[in-house]
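J.: this one's sequence-less:
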């Protein structure tokens, strides 16, 4: 594991092919192409809480849309805390069913 710590990130990818390790260098274009989907998906998800969710709360709850918007945003924040905690406890699971 110490051999991998000295390597800079995102310059190359080690590929194991037929028992032989081959180093594949990634170009800037290839890295941009690999991350293009994530950029668009992140922009879409970020717009949900800023644009779409307030409009939906106004449509669904006309009188108290601000209160329900706060409730939905609070639930979204709480749900983001649940996944890391579940992973933490799952990684330390010692039951006979095993780990994830």
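T.: Sure, I can see it. Predicted model only: the values in this text are computed from it and were never measured.

J.: quick one: buried residues of stretch 34-52?
T.: Of all the residues in stretch 34-52, not one is buried under the rule 16 or more other Cβ atoms under 10 Å. In this view, the C-beta of every residue, glycine as well, is placed from N, C-alpha and C.

J.: what separates it from the chain centre, distance-wise?
T.: 11 Å (Cα atoms, centre = their mean, to the nearest Å).

J.: cool, and stretch 83-100?
T.: Offset of stretch 83-100 from its chain centre (Cα atoms, centre = their mean): 19 Å.

J.: swap in stretch 69-81?
T.: Counting by Cα atoms, centre = their mean, stretch 69-81 comes out at 17 Å from the chain centroid.

J.: In this protein, which helix is the longest?
T.: helix 65-91 (DSSP state H).

J.: Just the buried residues of it, please?
T.: Using 16+ other Cβ under 10 Å as the test for burial, helix 65-91 gives 65, 68-69, 72.

J.: mind putting those residues in JSON lines, pLDDT and distance to residue 91 included?
T.: Converted to JSON lines, those look like this (pLDDT from 0 to 100; distance: Cβ to Cβ, whole Å):
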{"residue": "65", "pLDDT": "90", "distance to residue 91": "40"}
{"residue": "68", "pLDDT": "91", "distance to residue 91": "36"}
{"residue": "69", "pLDDT": "90", "distance to residue 91": "35"}
{"residue": "72", "pLDDT": "88", "distance to residue 91": "30"}
